[in-house]
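>>> sequence first, then the predicted structure:
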Amino acid sequence: MGEHNGLVGLVAGTSDSTPLKFHVAVGPDAYLQLDDVVTAERDVPGVGPVRTSGVVTQVTARHEGASFGSDAFLIADGVLPAITQEIAEVTTTRVDPEVYVPPLPGTRATRATGALRERALYFDSMKDRVVVGLGRDGEPVYVNLEFLDGTRGAHVSISGISGVATKTSFALFLLHSLFSSGVLGKRTTNAKALIFAVKGEDLLFLDKTNVRLDDRLRADYDRLGLPATPFDSVRFFAPPTPGDRTGRPNVSGRTSGVDAFWWTLHEFCKRELLPFVFADAEDDRNQYTLVIHQVAAKLRHDAIAAGTDGAITVAGTTLRTYEELVEFVVERLQDDTTRADWAGAATTAGSVNAFIRRLRSSQKALGPLIRGDLAEQADRRRVTTANSRVTVVDLHNLPERAQRFVVGVVLRTETEAKEQAGAGGLLFTMLDELNKHAPREGNTPIKELLLDIAERGRSLGIILIGAQQTASEVERRIVSNSSIRIVGRLDPAESARPEYGFLPASQRQRATLAKPGAMFISQPELPVPLAVEFPFPAWATRQSEVAPEPTDTGARVMGRFSRDDVPAPF
């Protein structure tokens, strides 16, 4: 039986056929591979035709008639009669109409294409859909926008090995698809993206065309219905250079278009940002939480602005640096006459000393970010998503403690802004290394904030796109609230964890072998995750990939990069 009109074989009768899983005996001149979409139809009395569709989740081949491994040689020599048979396991995705009866053995099984494929994968019922890559059959794969924009669900969880799983690349491709495909309609104008960059300066060139972009890559984007262009309307922020009094951003690759960000001492006190200084999970296990909030409240009440550079005056003392503020607080806590006023009457000396140790240890990390000695540049230094579609906050030059402080404060600011603005507008927040900010054990201000976003963010229009190497180390409620779950290359031990129970056994094994750019995407409407590949970025992901400006000659570029040098799509 050759493959004709999509016919690939017959429903096998050697294995149980159920409404949720059946097997197909593949014809001698046909084939089925993992992730192919297959349909089978039977007539049900009183109902009519019932079509069962599904995705191939395993394929096996064996000699029928052989008993021993060595029989393969006898069969090859024609001594022992036997035939080779391939059997494909098909996991049901859709039954139409919903009469759950098993496909009958001997029923014709066909490869689903066109409208049949769209129906089998529920793409036809998606009012608005977001293209996320190409399937193994070379056709586009979509996710339902309603599970991304908060209509029926929200949030994305991306897991995989660092440097291999291309988590950040896929998250950026997803944002590019959302913003450039037109799927958001009129909401595109008020849709924003907030990206925290923690790995080098790679994300400081999203608005630049990739020098490796050629006609072949453009064709890949055309197949997905997307423009092969970089991001537009992008604003970049980076921390100030330590020791520099001009507020120059601490970046080396990009020399223009980057603004430095920091918080003034006055903001630090009036907005009670002190709790974000103690954002380690270990902090919550110590007994000085009351001291933190007592000192924060005291600073908010007593701090008075001193000039226009963000400096403050507290109890007649002018403070211009974070180090000065820390030492001032320490003196008040160590003075017997002021300790009760600053730490609380019932606080023990041990709790106060623990607070002091942790506060002093933050000086080096946070000193460049909390300032009262720089000329006010409020229109430039404040991280905000209001004036651009995409906002990139570069954190890679900061210690982990400072990174957590920035993430916590920026997220709180944006959450408060969304609450005040009310319904309307979407903010897609992309955060890498989510396990560091929302670990499974312990409680921190940032973890509480991320939990709040995960549980009620969709009502505010805040969508979290979290990436992590190990989903098993992320707070369960954040992962469970993610409607879209995506897996790239996984460590074998990690793939065995229950957090990946949504993957069939064959996909768990494949995830340990996945190449860069191959992802498995799970969404609520489909019981089987779909394997996709997405194209190489059209935007530069590092300084060396930035294409020359249009005024430069293209001949010089093509002289350095031949077509063979351009990597194939992921």
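The structure has been received and is ready for your questions. Numbering: from 1, shown residues only.
>>> the stretch 51-200 of the chain: strands as residue ranges?
Secondary structure of the stretch 51-200 of the chain (DSSP state E, counting those that start in this stretch): strands at 83-96, 108-111, 129-134, 140-144, 156-159, 191-197.
>>> what's the third one packed up against?
Meaning strand 129-134. Packing partners of strand 129-134 (3 or more C-beta pairs under 8 Å, 6 or more residues apart in numbering; DSSP states H and E): strand 140-144, helix 167-180, strand 518-522, strand 530-533. All C-beta spots, glycine's among them, are computed from the backbone N, C-alpha and C.
>>> list the buried residues of the longest one.
By 16 or more other C-beta atoms under 10 Å, the buried positions in helix 167-180 come out as 167-180.
>>> so who does the nearest residue to Asp128 once chain neighbours are set aside touch?
Nearest non-adjacent residue to Asp128, counting by C-beta to C-beta, 6 or more residues apart in numbering: Leu145, 4.0 Å away. Taking C-beta atoms under 8 Å, 6 or more residues apart in numbering, we find Leu145 in contact with Met126, Lys127, Asp128, Arg129, Val130, Thr151, Val183, Leu184.
>>> circling back: save the buried residues of helix 167-180 as a markdown table, and put in distance to Ser459 and pLDDT too.
As requested, those are exported to a markdown table (distance: C-beta to C-beta, whole Å; pLDDT from 0 to 100):
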| residue | distance to Ser459 | pLDDT |
| --- | --- | --- |
| Lys167 | 27 | 92 |
| Thr168 | 27 | 93 |
| Ser169 | 30 | 93 |
| Phe170 | 26 | 95 |
| Ala171 | 23 | 96 |
| Leu172 | 26 | 96 |
| Phe173 | 27 | 97 |
| Leu174 | 21 | 97 |
| Leu175 | 21 | 97 |
| His176 | 26 | 97 |
| Ser177 | 24 | 97 |
| Leu178 | 19 | 97 |
| Phe179 | 22 | 96 |
| Ser180 | 26 | 96 |
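>>> what's the closest of the residues you listed to Pro529?
Phe170 (13.9 Å; C-beta to C-beta).
>>> distance of the residue nearest to Asp128 relative to Pro535?
With the distance defined as C-beta to C-beta, to the nearest Å, Leu145 ends up 21 Å from Pro535.
>>> before we move on, back to that, so which of the helices and strands packed on strand 129-134 gets nearest Val24?
Set against Val24 and scored by C-beta to C-beta, the helices and strands packed on strand 129-134 come closest in strand 530-533, at 18.6 Å.
>>> so which of the strands of the stretch 51-200 of the chain is the most packed in?
Of all the strands of the stretch 51-200 of the chain, strand 156-159 carries the top mean neighbour count, a mean of 27, counting by mean count of other C-beta atoms under 10 Å.
>>> can you list contacts of it?
The contact list for strand 156-159, computed with C-beta under 8 Å, 6+ apart, reads 148, 165, 167, 170-171, 174, 434, 463-471, 474, 478-479, 482-488, 490, 494, 499-500, 519.
>>> what's the distance between stretch 33-52 and the middle of its chain?
Centroid separation for stretch 33-52 versus its chain: 35 Å, with C-alpha atoms, centre = their mean, to the nearest Å.
>>> quick check, nearest of the contacts of Leu145 to Trp539?
Nearest to Trp539 among the contacts of Leu145, with distances taken as C-beta to C-beta, is Val130, at 18.2 Å.
>>> you'd agree that closest one is up against Leu175?
No. Using C-beta atoms under 8 Å, Val130 makes no contact with Leu175, being 10.2 Å away.
>>> buried ones in stretch 524-536?
Applying 16+ other C-beta under 10 Å to stretch 524-536 flags Glu525, Leu526, Val528, Pro529, Leu530, Ala531, Val532, Glu533, Phe534, Pro535, Phe536 as buried.
>>> now render those as JSON lines, adding pLDDT and distance to Gly424.
Listed next are the buried residues of stretch 524-536 as JSON lines, based on pLDDT from 0 to 100; distance: C-beta to C-beta, whole Å:
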{"residue": "Glu525", "pLDDT": "91", "distance to Gly424": "26"}
{"residue": "Leu526", "pLDDT": "93", "distance to Gly424": "30"}
{"residue": "Val528", "pLDDT": "94", "distance to Gly424": "35"}
{"residue": "Pro529", "pLDDT": "95", "distance to Gly424": "32"}
{"residue": "Leu530", "pLDDT": "96", "distance to Gly424": "32"}
{"residue": "Ala531", "pLDDT": "95", "distance to Gly424": "36"}
{"residue": "Val532", "pLDDT": "96", "distance to Gly424": "31"}
{"residue": "Glu533", "pLDDT": "94", "distance to Gly424": "35"}
{"residue": "Phe534", "pLDDT": "95", "distance to Gly424": "30"}
{"residue": "Pro535", "pLDDT": "94", "distance to Gly424": "32"}
{"residue": "Phe536", "pLDDT": "93", "distance to Gly424": "35"}
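>>> distance to Leu7 added to the residues you listed, as CSV?
What follows is the buried residues of stretch 524-536, written out as CSV (distance: C-beta to C-beta, whole Å):
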residue, distance to Leu7
Glu525, 28
Leu526, 25
Val528, 22
Pro529, 27
Leu530, 23
Ala531, 24
Val532, 26
Glu533, 27
Phe534, 31
Pro535, 32
Phe536, 36
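>>> hang on, the earlier thing: from Val132, how far off is the residue nearest to Asp128?
For Leu145, the distance to Val132 equals 11 Å [C-beta to C-beta].
>>> burial of Pro239, as a residue count?
Using other C-beta atoms under 10 Å, the number of residues around Pro239 comes to 22.
>>> that older thread, among the contacts of Leu145, name the buried ones.
For the contacts of Leu145, a burial check counting by 16+ other C-beta under 10 Å picks out Met126, Asp128, Arg129, Val130, Val183, Leu184.
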